[in-house]
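Novice: output the structure for:
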Amino acid sequence: MFKGITVVLMGLVLCVSSPWMVVAQEETETDFVSGNVTQISAESLTIEAFGGEENNVFIINDETTIENMAAIEELNIGDTVFIDFTEKDGKNIAVNIFKSTRSYDEESLEGSDEGLPEDLPEDFDNEQEEKE
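Specialist: Model (predicted):
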């Protein structure tokens, strides 16, 4: 009898605590930006984003993944990058940095997918509007 009550109580505790565990595992939304590198260090990357925004700073940490390069030190000023990032405590945290094998300017990426580089990340979505 005591064993049965213990099992029921443990089940009740798990049922009550499970919804709180799900709330604690809140997903973070990832944003995307592309542009040319203007500053680079081991801890951060600054780009001039296509679309006119300047001086977008992204924190690089141990969880940041890089693609199309062996190390972040391979980036140079003027390189075109595609960055997936999250915002935490008012700072942009780089989740993934993809280095293009070629450099592009805003005009070459604007409007349609025609002429976009073959080395773009698979999930790249060119939503920029054409200039009027």
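Novice: following the least confident helix or strand in the chain by mean pLDDT, which helix or strand comes up?
Specialist: One helix or strand of the chain scores below all others by mean pLDDT, DSSP states H and E: helix 2-24, with a mean of 48. The helix or strand immediately downstream of helix 2-24 is strand 31-40, counting by DSSP states H and E.
Novice: counting contacts, what elements does that following strand pack onto?
Specialist: Judged by 3 or more CB pairs under 8 Å, 6 or more residues apart in numbering; DSSP states H and E, strand 31-40 is in contact with strand 44-49, strand 80-88. C-beta: built from backbone N, CA, C; applies to glycine.
Novice: can you redo the ones you listed as JSON lines with mean pLDDT and mean neighbour count?
Specialist: Listed next are these as JSON lines, based on pLDDT from 0 to 100; neighbours: other CB atoms under 10 Å:
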{"stretch": "strand 44-49", "mean pLDDT": "94", "mean neighbour count": "19"}
{"stretch": "strand 80-88", "mean pLDDT": "95", "mean neighbour count": "19"}
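Novice: now the ones you listed in a markdown table, with distance to T64?
Specialist: Shown next, in a markdown table, are those (distance: least, CB to CB, whole Å):
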| stretch | distance to T64 |
| --- | --- |
| strand 44-49 | 9 |
| strand 80-88 | 9 |
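Novice: so for S100, which of the ones you listed sits nearest?
Specialist: Evaluated with CB to CB, the helices and strands packed on strand 31-40 place strand 80-88 nearest to S100, the distance being 4.0 Å.
Novice: for the next helix or strand after that closest one, which positions count as buried?
Specialist: Sequence-wise, the next helix or strand downstream of strand 80-88 (DSSP H and E) is strand 91-99. Using 16 or more other CB atoms under 10 Å as the test for burial, strand 91-99 gives 92-99.
Novice: tell me the one of those nearest E74?
Specialist: K99 (7.0 Å).
Novice: many thanks, I have nothing further to ask.
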